[in-house]
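Enquirer: give me a model of this one.
(3 chains)
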Amino acid sequence: MQQFANPTRFLAIANKALPLIWVLTIILFAIGLYGALVTAPPDYQQGETVRIMFVHVPAAWLAMLVYTVMALASAVAIIFRHPLADVAAKSAAPIGAVFCFLALATGSLWGKPMWGAWWVWDARLTSMFVLFLLYVGYIAIWQAIEEPGRAAMIARIVALVGFINIPVIKFSVDWWNTLHQPASVLRMDGSTIDWSIRWPLLVLGLAYTLLFLALHLMSMRSEIAARKLRNLQIARSGEA
Amino acid sequence: MTLLAALLRRDLILAARQGGGAGTALGFFLAVLVLLPIGIGPDQATLQRLAPGILWITLLLSVLLSADRIFQQDFEDGSLEVMAMAPPSLELVALTKAVAHWLSTSLPLSIAAPFLGILLNLRTEVIWPLALAMILGSFALSLLASIGASLTLNIRRGGLLISILVLPLYVPILVFGMSATTGNPEMINPSLLILAAITLASFVLAPIAAAAALRAYLK
Amino acid sequence: MLLSAENLACERGGRTVFSNQNFSLGSGELLQLTGANGAGKSSLLRLLASLSEPSHGKISLEGGAADLTSGQQAHYIAHGDASKSALTVAENLKFWRDFLGGGDLEAALSALNLAPLADYPVALLSAGQKRRLALARLALVPRAIWLLDEPSVGLDEASQKLLVALMSSHLKAGGLIVAATHVPLGVKSDRNLHLGGQ
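Expert: Take a look at the predicted model:
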């Protein structure tokens, strides 16, 4: 049981921090949504539909952030062999995949009024789609390999190989897109956006991040519990 | 080097004798090539426009379909254990096997594909850029396939999983392979250079990732 | 040459297979591993082959090549025959000879009476003949340490005698053998390690 010496301390901290994180998340969502739905002006071209952006853009940010967290945790697991790192990477993946799916779904919703089609192969959406596949592959690896130590090692490699490839994929998809069509409506050049739109976006980005943190801690907590249970079962069957 | 040459020679002989190498992959390539015009319609102009894309995607799928063979047999019959204990590092073994896969499957396909493009009314002026891009890119395809093969070494229904893992990695190769064949002469050189860079990076990184995965399965 | 294990423990999938194993084995000695199914005989051999790492303790080798692991100076014959059915017997052995750094093909063929089968494709061999081909690697490439997992399984009486002769001559030449087995091998073992289920 020595490998759970650390998780015990982690669990104590997580249990204390979680209520605070939830409260902060709710407050930030309230402020951000007020800014997004009430004070931000409708777009002169896109009208009210532009507000989809306030759900879409932070979800896309988080999808990338969570993959980064996963890759970092995997690197830590390889280098320092810290038992919590694999738990962190494994439990982050489904949350990241949901954010990624949210970004894809809202991008599609936004596409209908903008382009008149539910799906358009815009560079950002295409990159997000590939990122979603990377998430699916990572999650599938954990499910396909029964031996936990082996699954952890293979999953680390999958996460890191994917992470190294993300910039290359992004670069290539941008290149591909300029070959075929001009830049899209979804472009977000920070400098050209009005402050009244930018602050709710930033607040919501922070709210999403805290939401991820809360969900991630909860998911890690249940993953640790599941592993403890498994070890107990093995120990008991060994005695029998 | 002579140790690895022995491995390369054996893998090439096995590919030639057992099938599963270029012959089968070429058969698959042809099968897809027949289906596509039937699905799309025989219109010459449409086929000509789609030809480079069709050829690239068929190449990706053919390479992918043969990928799971790279390490599986050697794992199942215990050869990989013996190799892991031998003096050459497992990274070099993985690299050698990827090279063998390239020479036996991806390279012959990428040489044949531009000529099979005649069936799709491929424009003659893109045949050479396409052939060059495919030969360059096909090495990266085999190297990345070796990562996928090592990651799914002992997984039931690993064939599906390998596609999910490897196809995203193929996106850049497809993009720059296509951009070499747009017909715009200015795009050919930069695209080929980027393809070469991707191949070089895969050459360095793929054996490291593959060997790490193989070690996890050999434990 | 001295191969020793100190306080060795092995864990697989969170389950402790064995722990606190100590032994040492000198030149010309045979260590026989016994124990029930799942007691960890194969796991111990894989540790000695450097294919996996112990969860505790360590394996050390004195008097070998300093820059090589114990696995790189060992033959490991497990359940797989490590042969290709599309190649002939001789082709399989030639590959291993070249890949493992050189050896004597004729000696290997005669040690396990494979010379008459040399040009047969392995696809046509029986299970016992394939087993002999796997064991021929022992005579093919010189390695100081032999790690054998149930080496006599599937062999007929004559072939078992060949194996015994091969092992005896290896020990006489100062080699080390660790063999996991259920049945007596017919070679006098110097040490015996019984792994009990935990």
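Enquirer: how close does residue C:160 get to residue C:120?
Expert: 21 Å (C-beta to C-beta, to the nearest Å). C-beta: built from backbone N, CA, C; applies to glycine.
Enquirer: packing partners of the strand or helix carrying residue B:140?
Expert: Assigned by DSSP states H and E, residue B:140 falls within helix B:127-151. Packing contacts for helix B:127-151, counted by 3 or more C-beta pairs under 8 Å, 6 or more residues apart in numbering or on different chains; DSSP states H and E, involve helix A:148-180, helix B:44-65, helix B:69-76, helix B:90-101, helix B:107-116, helix B:158-179, helix B:185-218.
Enquirer: list the buried residues of the shortest one.
Expert: Using 16 or more other C-beta atoms under 10 Å in any protein chain shown as the burial criterion, the residues of helix B:69-76 that qualify are B:69, B:70, B:71, B:72, B:73, B:74, B:75.
Enquirer: list the contacts for the fifth one?
Expert: When contacts are counted by C-beta atoms under 8 Å, 6 or more residues apart in numbering or on different chains, residue B:73 is found next to B:79, C:84.
Enquirer: measure the residue in chain B sticking out farthest from the centre to residue A:159 for me?
Expert: Largest separation from the mean C-alpha position in chain B: residue B:43, at 29.7 Å (C-alpha atoms, centre = their mean). Using C-beta to C-beta, residue B:43 is found at 45 Å from residue A:159.
Enquirer: likewise for residue A:105?
Expert: Residue A:105 is 24 Å from residue A:159, by C-beta to C-beta.
Enquirer: between the two, tell me which one has more neighbours.
Expert: It is residue A:159, of residue A:105 and residue A:159, that has more neighbours when counted by other C-beta atoms under 10 Å in any protein chain shown, with 29 against 13.
Enquirer: okay if I get the helices and strands packed on helix B:127-151 as a markdown table plus mean pLDDT and distance to residue A:75?
Expert: Output for the helices and strands packed on helix B:127-151, formatted as a markdown table (pLDDT from 0 to 100; distance: least, C-beta to C-beta, whole Å):
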| stretch | mean pLDDT | distance to residue A:75 |
| --- | --- | --- |
| helix A:148-180 | 91 | 6 |
| helix B:44-65 | 92 | 27 |
| helix B:69-76 | 92 | 25 |
| helix B:90-101 | 96 | 19 |
| helix B:107-116 | 93 | 34 |
| helix B:158-179 | 93 | 19 |
| helix B:185-218 | 94 | 13 |
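Enquirer: in TSV: those, plus distance to residue C:55.
Expert: Output for the helices and strands packed on helix B:127-151, formatted as TSV (distance: least, C-beta to C-beta, whole Å):
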stretch	distance to residue C:55
helix A:148-180	10
helix B:44-65	37
helix B:69-76	24
helix B:90-101	22
helix B:107-116	44
helix B:158-179	28
helix B:185-218	16
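Enquirer: just checking the helix or strand containing residue C:31 against chain A, any contact.
Expert: For residue C:31, the host element (DSSP H and E) is strand C:30-35. No - Strand C:30-35 does not reach chain A (C-beta under 8 Å from any C-beta of the partner chain); its nearest approach is 15.4 Å.
Enquirer: mean confidence for that strand?
Expert: Strand C:30-35 shows a mean pLDDT of 90.
Enquirer: touching it from outside, list them.
Expert: C:23, C:25, C:41, C:44-45, C:167, C:171, C:176-182, C:185, C:187-197.
Enquirer: got it, and stretch B:11-31?
Expert: Against stretch B:11-31 from outside (C-beta under 8 Å, 6+ apart): B:58-59, B:61-63, B:65-66, B:69, B:96-97, B:100-101, B:103-105, B:108-109, B:112-113, B:116, C:84, C:86-87, C:91.
Enquirer: stretch C:54-62 now?
Expert: By C-beta under 8 Å, 6+ apart, the list of residues contacting stretch C:54-62 reads C:1-11, C:16, C:19, C:21, C:47-48, C:70, C:73, C:145.
Enquirer: same question for it, mean pLDDT?
Expert: 89.
Enquirer: need the CA coordinates for that stretch. PDB is fine.
Expert: C-alpha atoms of stretch C:54-62 as PDB (Å, rounded to 0.1, in the frame of the first residue of the first chain):
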ATOM      1  CA  PRO C  54      12.000  -6.400  -9.900                       C
ATOM      2  CA  SER C  55       9.800  -4.300  -7.700                       C
ATOM      3  CA  HIS C  56      12.300  -4.800  -4.900                       C
ATOM      4  CA  GLY C  57      15.900  -6.100  -4.600                       C
ATOM      5  CA  LYS C  58      18.500  -6.500  -7.300                       C
ATOM      6  CA  ILE C  59      20.200  -8.900  -9.600                       C
ATOM      7  CA  SER C  60      23.900  -8.700  -9.900                       C
ATOM      8  CA  LEU C  61      26.400 -10.400 -12.100                       C
ATOM      9  CA  GLU C  62      30.100 -10.600 -11.200                       C
END
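Enquirer: mind listing what's buried in it?
Expert: Judged by neighbour count using 16+ other C-beta under 10 Å, the buried positions of stretch C:54-62 are C:54, C:57, C:59, C:61.
Enquirer: so what strands line up beside the strand or helix carrying the last one?
Expert: Assigning secondary structure by DSSP H and E places residue C:61 in strand C:56-62. Partner strands for strand C:56-62, per DSSP bridges, with pairing direction: strand C:2-12 (antiparallel).
Enquirer: just want the angle from the strand it pairs with to helix A:148-180.
Expert: 70 degrees (axes from the mean of the first three to the mean of the last three C-alpha atoms, to 10 degrees).
Enquirer: ok, is whichever helix or strand comes after strand C:2-12 in contact with chain B or not?
Expert: Proceeding N to C from strand C:2-12, the next assigned helix or strand is strand C:15-26, under DSSP H and E. No - using C-beta under 8 Å from any C-beta, strand C:15-26 stays clear of chain B, coming no nearer than 12.5 Å.
Enquirer: please state the offset of stretch A:225-240 from the chain centre?
Expert: Remark: stretch A:225-240 is offset 32 Å from the chain centroid, using C-alpha atoms, centre = their mean, to the nearest Å.
Enquirer: can you get me a residue count around the residue in chain B positioned nearest to chain C?
Expert: Distances between chain B and chain C by C-beta to the nearest C-beta are smallest at residue B:78, namely 2.1 Å. For residue B:78, the count of nearby residues is 18 (other C-beta under 10 Å).
Enquirer: measure it to residue A:129 for me?
Expert: 41 Å.
Enquirer: now residue A:166
Expert: Distance from residue A:166 to residue A:129, by C-beta to C-beta: 13 Å.
Enquirer: for residue A:18, same thing?
Expert: In this view, residue A:18 and residue A:129 are 33 Å apart by C-beta to C-beta.
Enquirer: now do residue C:149
Expert: From residue C:149 to residue A:129 the distance is 48 Å (C-beta to C-beta).
Enquirer: comparing these two, which residue is more hemmed in?
Expert: residue C:149 (21 against 18).
Enquirer: dump the residue contacts of the more buried one.
Expert: C:41, C:42, C:45, C:76, C:77, C:78, C:79, C:179, C:180.
Enquirer: next, count neighbours for residue B:106.
Expert: Neighbours of residue B:106 (other C-beta under 10 Å): 29.
Enquirer: contacting residues for it?
Expert: B:59, B:63, B:138, B:139, B:141, B:142.
Enquirer: do you know how far the residue lying closest to it once chain neighbours are set aside is from residue B:180?
Expert: Nearest non-adjacent residue to residue B:106, counting by C-beta to C-beta, 6 or more residues apart in numbering or on different chains: residue B:138, 3.9 Å away. With distances taken as C-beta to C-beta, residue B:138 is found 13 Å from residue B:180.
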